[in-house]
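Engineer: Have a look; sequence and predicted model below, questions after that.
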Number of protein chains: 2
Amino acid sequence: MIDHSELKLRRDKIRALMAQQNVDAALIACNVDLLYTVGRVVSGYLYLPVDASAHIFLKRPDMPDGERVHRLRKPEQLPEMLNALGFAMPRRLMLESDELSHTDYLRLAACFPKAQIVNGTPLIRQARSVKTRYEIELFRRSGILHARAYNRIPSVYRAGMTDRDLSIEIERIMRQEGCLGLFRTFGQSMEIFMGSVLTGDNAATPSPYDFALGGEGLHPSLPVGANGTPLRDGQTVMVDIGGNFYGYMSDMSRTYTIGKLSPEAYDAHQVCLAIEEDMMRHAAPGYACEALYENALLIAEQQGYADRFMGTTRHAGFVGHGIGLQINELPVLAPRTKQTLEEGMVFAFEPKIIVPGVGPVGIENSWVVTADGVEQLTPGSGGLVALG
Amino acid sequence: MIDHSELKLRRDKIRALMAQQNVDAALIACNVDLLYTVGRVVSGYLYLPVDASAHIFLKRPDMPDGERVHRLRKPEQLPEMLNALGFAMPRRLMLESDELSHTDYLRLAACFPKAQIVNGTPLIRQARSVKTRYEIELFRRSGILHARAYNRIPSVYRAGMTDRDLSIEIERIMRQEGCLGLFRTFGQSMEIFMGSVLTGDNAATPSPYDFALGGEGLHPSLPVGANGTPLRDGQTVMVDIGGNFYGYMSDMSRTYTIGKLSPEAYDAHQVCLAIEEDMMRHAAPGYACEALYENALLIAEQQGYADRFMGTTRHAGFVGHGIGLQINELPVLAPRTKQTLEEGMVFAFEPKIIVPGVGPVGIENSWVVTADGVEQLTPGSGGLVALG
């Protein structure tokens, strides 16, 4: 279990932002925010006052009862229980408005009829965007396991495989290395199984979801990723499987080759590596997130790949994104993002180019912002790896 | 792709319920309901008038533009676009209040400031609970693939495996047979990777989630299912991996044995099979869902297993549940469920008993309600299967 000082650190990060907005208390009810503030998923609530100790209210025996762990049947008991604990009713209460269903929001808000309700989701996401030392260490360990799994990919390739066949073997390797499998996302604009394996022109197929690349998918109920395309000579395979080893979504893509590619494909891959190197030179506390996107796009344009950068039919509007307990955290590395990097932020950077007739090339690594730059969390070079 | 007559049938089922509540139109925005009414996940909306043709509004090129397929950038364009199509603004509009985030709900509701908003989620879930012939056929096919995968489980068992090791091999088999992997749930009370593999006393560990059985899980971030327990002689392994082959979550559990079990374990398993047989004798259109639960509990009590039926530390409050595009659909087979079975409903029935020191025993199959009974969708007998 996570020790209490780590949980206090996280709760205090949220409290500092609450204080700025004159919020008295937060009622945290969503799984990912409970995981962040309680250290595990529980069935219940964390009541987090801005200036007093937090209390946990559980509907089930997920944790032993204790001084600050209580049992309840339904949220309507909260006011009376809080009162018995000596709390005054909050005047301004924070709820997770961007994640709670409308129905759940109304039910929780009705428990505090005199409170003004503030949307806590952006604030908690902001707190979560700057990781603690402990979280960064979990990301380092995740990155090592993620890379170890990817290093085994050539050993499971067989001639005649489809993208789906290869994906199944990679999923197994990831699980064997400790991946929990669950791919947590924020909002309903992303939905995927463990990640994507894209080859050939399938990589250019647009998807309804907000991933960097799309893919037709295997069924209209999940239109993203591999679609059963045979892996062919002269084509690439991009592997982008999520790395949830300790609750944290490490993000890593590598490009694999089958036979010899067209000269353009090798060149396009080098451009992606150059974009990554450029990011490494610039990224540091205070650097603008949108500048990382603009720099990347400029290099792609200068090298003649503007129309194929981050997609062809449709272009992803970002070149990277924060990662944490969910795959799409803050900050977003995209135009008009008015955020700058801060020490402790963890992000995925994924310059990718689609080469028609060949497939996707490029690279993705996870990075943590250090005092004066960035540290790579998913080890290994970004060179093309031959499968066959 | 699903043909238009099937989509019309589904939309008309929703329309019939809308008409009962004097709802003029529904704006459908959540992935699963879009999948149901459009036939695929799209990034956008379905506008469904109660008495006119539906129109699709897409933020991305997920489908070709057409007479009733339009492009939009943001939902605020809807009123003007609907007006241009000749629609009067709805007086009573249905939104998916139980699934939309509070923030998304407010944004969509604000597009129709004069409309009274009605919660559409219960109504759409009701429509979805009675499956069409086409959906039932997909369930039949899913059940066959699901059973085919389970039949291969003994071939991947090796002495010395943990529950996690075995789970990884079963996940691979499921994927090879065509499982899409994604496990769709309704609400945040359920979260799981592909399903659970439970052995020994881990099966009795309560979980914060609403599954029939719990399990500690491999990490506090996902406290359910396998926890790394070695598979030992004299113990059982219950496999309950979700079967999403065509978007529909077929549900099936089988109990596997290692060596010889205690006499009590064999007896408890027979009791579960007897509970299933009892359900088969009673379940038919018009039969009360709560009676199916009461019958099951009564048999468990009569046989002396009341304290171990559906859990020990904590007992699941149901013995079965509707299945469809999500694992937890209507109806719920639980006390105080005022619903009766209808022809075309598809449900999972999962009598399970935990035997201390041995593990879980029991059975789960998926069933469709026919004109005069039920048809088993996940083929095969429920006998114990020896692994080693």
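Structural biologist: Received the coordinates, thanks.
Engineer: give the contact list for A:E294.
Structural biologist: Taking Cβ atoms under 8 Å, 6 or more residues apart in numbering or on different chains, we find A:E294 in contact with A:P335. (Each C-beta comes from the backbone N, C-alpha and C, glycine too.)
Engineer: next one: the one 5 residues further on
Structural biologist: A:I299 is in contact with A:271, A:274-275, A:278, counting by Cβ under 8 Å, 6+ apart.
Engineer: Show me the domain layout of chain A.
Structural biologist: A:4-128, A:130-386 (automatic domain parsing).
Engineer: before we move on, the earlier item: now flag whichever of the contacts of A:I299 is closest to chain B.
Structural biologist: Using Cβ to the nearest Cβ, A:I275 is the member of the contacts of A:I299 that lies nearest chain B, at 24.8 Å.
Engineer: Tell me the spacing between that closest one and A:T340.
Structural biologist: Using Cβ to Cβ, to the nearest Å, A:I275 is found at 20 Å from A:T340.
Engineer: Looking at the two, which one has more neighbours?
Structural biologist: Per other Cβ atoms under 10 Å in any protein chain shown, whichever of A:I275 and A:T340 has more neighbours is A:I275, with 28 against 16.
Engineer: what about the closest residue in space to A:E171 that isn't next to it in sequence, neighbour count?
Structural biologist: Leaving aside its chain neighbours, A:E171 sits nearest to A:M194 (5.2 Å; criterion: Cβ to Cβ, 6 or more residues apart in numbering or on different chains). A:M194: 27 surrounding residues under other Cβ under 10 Å.
Engineer: A:M194 is in contact with B:G181, isn't it?
Structural biologist: Yes - with contact defined as Cβ atoms under 8 Å, A:M194 reaches B:G181; the gap is 6.7 Å.
Engineer: shared neighbours of those two, anything?
Structural biologist: A:E171.
Engineer: Can you show me the helices along the stretch 1-150 of chain A?
Structural biologist: A:4-20, A:31-38, A:78-84, A:102-110, A:121-129, A:133-151 (DSSP state H, counting those that start in this stretch).
Engineer: Those: which one's closest to B:E99?
Structural biologist: Shortest distance between B:E99 and the helices of the stretch 1-150 of chain A, using Cβ to Cβ, is found for helix A:102-110: 8.5 Å.
Engineer: Export the helices of the stretch 1-150 of chain A as a markdown table, with columns for distance to chain B.
Structural biologist: Below are the helices of the stretch 1-150 of chain A laid out as a markdown table (distance: least, Cβ to the nearest Cβ, whole Å):
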| stretch | distance to chain B |
| --- | --- |
| helix A:4-20 | 12 |
| helix A:31-38 | 5 |
| helix A:78-84 | 18 |
| helix A:102-110 | 4 |
| helix A:121-129 | 8 |
| helix A:133-151 | 10 |
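Engineer: And the residue nearest the centre of chain A?
Structural biologist: A:I327 (1.5 Å; Cα atoms, centre = their mean).
Engineer: so what's that one closest to, chain neighbours aside?
Structural biologist: Spatial nearest neighbour of A:I327, excluding adjacent residues (Cβ to Cβ, 6+ apart): A:M249 at 4.6 Å.
Engineer: same deal with A:N151?
Structural biologist: Closest to A:N151 by Cβ to Cβ, 6+ apart is A:G380, at 7.5 Å.
Engineer: Can you give me the neighbour number for that neighbour?
Structural biologist: Residues contacting A:G380 under the criterion other Cβ under 10 Å number 18.
Engineer: you'd agree A:T236 is in a helix?
Structural biologist: No - using DSSP: H, G, I helix; E, B strand; the rest coil, the assignment for A:T236 is strand, not a helix.
Engineer: which residues does it contact?
Structural biologist: By Cβ under 8 Å, 6+ apart, the contact list for A:T236 reads A:199-200, A:255-258, A:261, A:265, A:355, A:358-361, A:384.
Engineer: Which pLDDT does the model give the residue nearest to it when sequence neighbours are not counted?
Structural biologist: The shortest distance from A:T236 to any non-neighbouring residue, by Cβ to Cβ, 6+ apart, is to A:G359 (3.8 Å). The model reports A:G359 with a pLDDT of 98.
Engineer: same thing with A:M1?
Structural biologist: Taking A:M1 on its own, its pLDDT is 73.
Engineer: If you tally nearby residues, what's the number for it?
Structural biologist: For A:M1, the neighbour count with other Cβ under 10 Å is 9.
Engineer: what does A:P79 give?
Structural biologist: By the criterion of other Cβ under 10 Å, A:P79 has 15 neighbours.
Engineer: if I read this right, it contacts A:A110, doesn't it?
Structural biologist: No - proximity of A:P79 to A:A110 does not meet the contact threshold set by Cβ under 8 Å, at 10.3 Å.
Engineer: And the closest residue to A:G39 other than its chain neighbours, its phi and psi?
Structural biologist: Closest residue to A:G39 apart from its sequence neighbours, by Cβ to Cβ, 6+ apart: A:I2 at 3.8 Å. For A:I2, the backbone dihedrals are phi -70, psi 140 (criterion: degrees, to the nearest 10).
Engineer: what's near enough to touch A:I2?
Structural biologist: A:I2 neighbours (Cβ under 8 Å, 6+ apart): A:39, A:134, B:220.
Engineer: contacting residues around the residue found closest to the last one once you drop the neighbours it is linked to in the chain?
Structural biologist: It stands for B:P220. Among residues not flanking B:P220 along the chain, A:R40 sits closest, at 3.4 Å (Cβ to Cβ, 6+ apart). Counting by Cβ under 8 Å, 6+ apart, A:R40 touches A:1, A:34, A:62-63, B:220-221, B:223.
Engineer: Just the closest of the residues you listed to A:A16, please.
Structural biologist: For those, the residue nearest A:A16 by Cβ to Cβ is A:L34; the value is 19.6 Å.
Engineer: quick one on the thing from earlier: buried subset of the contacts of A:R40, written for ChimeraX?
Structural biologist: In ChimeraX syntax, the buried subset of the contacts of A:R40 is picked out as below (16 or more other Cβ atoms under 10 Å in any protein chain shown):
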select /A:34,62,63 /B:220,221,223
